[in-house]
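*Asks:* Compute the structure for the input listed below.
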Amino acid sequence: MKITLCCLLNLSIALSALKTCGNTPVKQVIPPATQTQTDVNANEENTAGIRTGAEQTELYLPLLKGKRVGMVVNPTSIIGSQTSVDSLLSLGVNIVKIFGPEHGFRGNASAGVKVDDDVDTKTGIKAVSLYGKHQKPTKEDLADVDIMIFDIQDVGVRFYTYINTLQHVMEACAENDKELLILDRPNPNGFYIDGPILDPSLVSGIGLQPIPIVHGLTVGEYAQMLNGEGWMKNKVKCKINIIKVANYNHDMPYELPVKPSPNLNTQQSIMLYPTVCLFEGTYVSQGRGTMFPFTVLGAPALKGKYKFSFTPKSIKGMAETPLHMDKVCYGIDLREYDIENIRKEKTLKLKWLIDLYKAYPNKADFFNNKLSKEMVVFDKLAGVSSLKQQIIAGKSEKEIRASWEPGLSAYKEMRLKYLLYP
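*Replies:* Got it, this is the predicted structure:
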């Protein structure tokens with residue numbers, strides 16, 4: 001790809017704007033490149049002409065010249081039809097190490113399954129797992145790396161673990177004086193903010209920071225928040241450089257060209273995930289063990305309450321031992337649910353949680369995570385202990401939502417400081 005004069009000018013302006021002050025990190029946000037008709041044709045899957053940070057190679061290739069590069073990537077890290085690793089290797093970038101999050105670099109591990117370090121068979125590059133023996137790159141991991149790149153598609157939900165990986169990588173870079181280049185991508189659920197703010201007493205591997213369930217940020221914006229709010233270990237600050245998404249705003253619909261993880265395999269599942277994943281803290285299946293996970297809800301105990309049914313099976317690489325495996329589950333089919341309702345209302349669908357709890361015959365089993373190792377502690381997913389108690393007590397959705405204030409409104413106001421997009 002040729003670097004145009006306009007792109008070089010943009011790069012020169014951005015570089016000249018860098019300022020260093022004491023321990024304050026250098027934050028560089030490079031403006032998107034001018035879009036050409038060729039670029040539009042290459043991005044037909046995004047009718048608005050959105051260009052991800054990774055696709056704008058003309059803006060960041062000069063920053064990688066002569067450097068040993070480490071990349072935090074997974075199957076969503078693409079430029080066109082190739083992985084960003086393969087694309088950048090073909091452009092002469094010296095990639096010396098690959099770091100993979102949950103599900104691994106190639107995305108073939110199931111949710112929650114630990115991944116070992118390996119050598120990528122296609123490229124011969126060492127692949128370090130950040131979801132195995134350690135979640136944070138070590139000093140040794142970064143010893144032969146000059147600059148790190150983070151290029152992973154997120155879905156905008158607190159308990160989706162890629163933003164935790166981002167935090168661990170930022171901390172490691174800050175502690176080892178490495179710069180982090182973030183190739184930003186759209187947030188498919190970026191059009192709304194909803195849910196309770198995480199209680200610090202419930203910090204876990206599925207929730208590290210005091211943000212709502214649906215946080216309304218891209219990865220680049222969240223990185224700025226981590227730095228700006230001093231949320232990282234020992235309040236370290238990471239030197240970040242963000243390649244913004246071109247032609248994007250938070251209200252734009254964005255259909256992912258690649259599934260972000262094995263069980264978010266359709267756009268429908270991605271849009272329903274913020275609400276449906278809460279059921280992982282219940283004895284109700286969310287469709288793991290089917291080819292349509294996170295778009296159905298059901299349990300054997302709901303027979304006679306609902307007509308729709310499905311049967312979870314063992315599926316390698318998706319759900320080897322799903323909840324209620326080989327049992328007929330009865331419940332709700334959301335595969336044809338109109339996602340425009342979520343776009344219009346901009347809220348989590350608490351009604352599904354309330355209704356299924358009311359319908360469940362043995363209420364004591366509904367939130368009892370001791371019944372299956374496939375269940376998650378509901379309070380950790382919700383981020384608060386009150387939501388479960390409110391549902392048990394029969395509180396209305398309006399009453400539940402009132403309890404999220406003033407925290408939710410305060411977060412929305414704080415978020416504005418870190419936005420890169422309207």
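
*Asks:* Glu397 - nearest residue in space that isn't next to it in sequence?
*Replies:* Excluding the flanking residues, the one nearest Glu397 by CB to CB, 6 or more residues apart in numbering is Leu350, at 4.8 Å. Heads up, the C-betas are built off the backbone N, CA and C, glycines and all.

*Asks:* How much space separates that neighbour from Lys412?
*Replies:* For Leu350, the distance to Lys412 equals 19 Å [CB to CB, to the nearest Å].

*Asks:* Looking at those two, which one has more neighbours?
*Replies:* Per other CB atoms under 10 Å, whichever of Leu350 and Lys412 has more neighbours is Leu350, with 21 against 13.

*Asks:* wouldn't that one be in contact with Ile400 here?
*Replies:* Yes - under the criterion of CB atoms under 8 Å, Leu350 makes contact with Ile400 at 6.2 Å.

*Asks:* can you pull the buried residues of the longest helix along the chain?
*Replies:* Selection of the longest helix in the chain by residue count, based on DSSP state H, yields helix 162-175. Neighbour-count burial for helix 162-175 flags 162-175 (criterion: 16 or more other CB atoms under 10 Å).

*Asks:* just to revisit the earlier point, got the contact list for the residue nearest to Glu397?
*Replies:* Each residue near Leu350 by CB atoms under 8 Å, 6 or more residues apart in numbering is listed here: 275, 397, 400-401.

*Asks:* Poorly predicted segments of the stretch 51-200 of the chain, please.
*Replies:* By pLDDT under 70, the weakly predicted segments of the stretch 51-200 of the chain are 103-115.

*Asks:* pLDDT (mean, whole number) over whichever strand or helix holds Leu226?
*Replies:* Following DSSP states H and E, one finds Leu226 within helix 219-228. Averaging pLDDT along helix 219-228 yields 98.

*Asks:* other SSEs contacting it?
*Replies:* Packing partners of helix 219-228 (3 or more CB pairs under 8 Å, 6 or more residues apart in numbering; DSSP states H and E): strand 27-30, helix 162-175, strand 179-183, strand 240-243, helix 407-415.

*Asks:* What residues of it count as buried?
*Replies:* 219-227.

*Asks:* ok, of the buried residues of helix 162-175, which one's closest to Gly53?
*Replies:* Relative to Gly53, the closest of the buried residues of helix 162-175 is Leu166; by CB to CB it sits at 13.7 Å.

*Asks:* how near is the closest one to Asn249?
*Replies:* Leu166 is 22 Å from Asn249, by CB to CB.

*Asks:* Show me the residue at the heart of this protein, geometrically.
*Replies:* Geometric centre of the chain, nearest residue: Asp154, 2.8 Å, by CA atoms, centre = their mean.

*Asks:* Need the buried residues of helix 162-175 in CSV (columns: distance to Asn341).
*Replies:* Output for these, formatted as CSV (distance: CB to CB, whole Å):
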residue, distance to Asn341
Tyr162, 26
Ile163, 26
Asn164, 30
Thr165, 31
Leu166, 30
Gln167, 32
His168, 36
Val169, 36
Met170, 36
Glu171, 39
Ala172, 41
Cys173, 40
Ala174, 42
Glu175, 45
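
*Asks:* roughly how far apart are Gln268 and Arg335?
*Replies:* Taking CB to CB, one finds Gln268 at 6 Å from Arg335.

*Asks:* So for these two, which sits in the more crowded spot?
*Replies:* The residue with more neighbours, out of Gln268 and Arg335, is Gln268; 17 against 14, by other CB under 10 Å.

*Asks:* Can you list the helices and strands that the helix or strand hosting that one packs against?
*Replies:* Taking DSSP H and E as the criterion, Gln268 maps to helix 267-276. Applying 3+ CB pairs under 8 Å, 6+ apart, we find helix 267-276 packed against helix 350-359.

*Asks:* Following element in sequence after the helix it packs on, please.
*Replies:* helix 363-366.

*Asks:* ok, then the element right after that following helix?
*Replies:* According to DSSP H and E, the helix or strand after helix 363-366 is helix 378-382.

*Asks:* circling back to that earlier point, tabulate the buried residues of helix 219-228 (TSV), appending distance to Pro200.
*Replies:* Below are the buried residues of helix 219-228 laid out as TSV (distance: CB to CB, whole Å):
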residue	distance to Pro200
Val219	23
Gly220	25
Glu221	22
Tyr222	18
Ala223	21
Gln224	21
Met225	16
Leu226	16
Asn227	19
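
*Asks:* Apart from its chain neighbours, what residue comes closest to the residue located most distally from the centre of the chain?
*Replies:* Most distant from the centre of the chain: Gly304, at 36.8 Å, with distances by CA atoms, centre = their mean. Once flanking residues are discounted, Gly304 sits nearest to Tyr330: 7.5 Å by CB to CB, 6+ apart.

*Asks:* what helix or strand is the one you found on?
*Replies:* strand 329-333.

*Asks:* Compute the inter-axis angle for that strand and helix 350-359.
*Replies:* Orientation of strand 329-333 against helix 350-359 (axes from the mean of the first three to the mean of the last three CA atoms, to 10 degrees) gives an angle of 150 degrees.

*Asks:* which of the residues in the very next helix or strand once past strand 329-333 are buried?
*Replies:* As assigned by DSSP H and E, the chain's next helix or strand after strand 329-333 is helix 340-345. Under the neighbour-count criterion of 16+ other CB under 10 Å, helix 340-345 has Ile342 buried.

*Asks:* Done for today, thanks.
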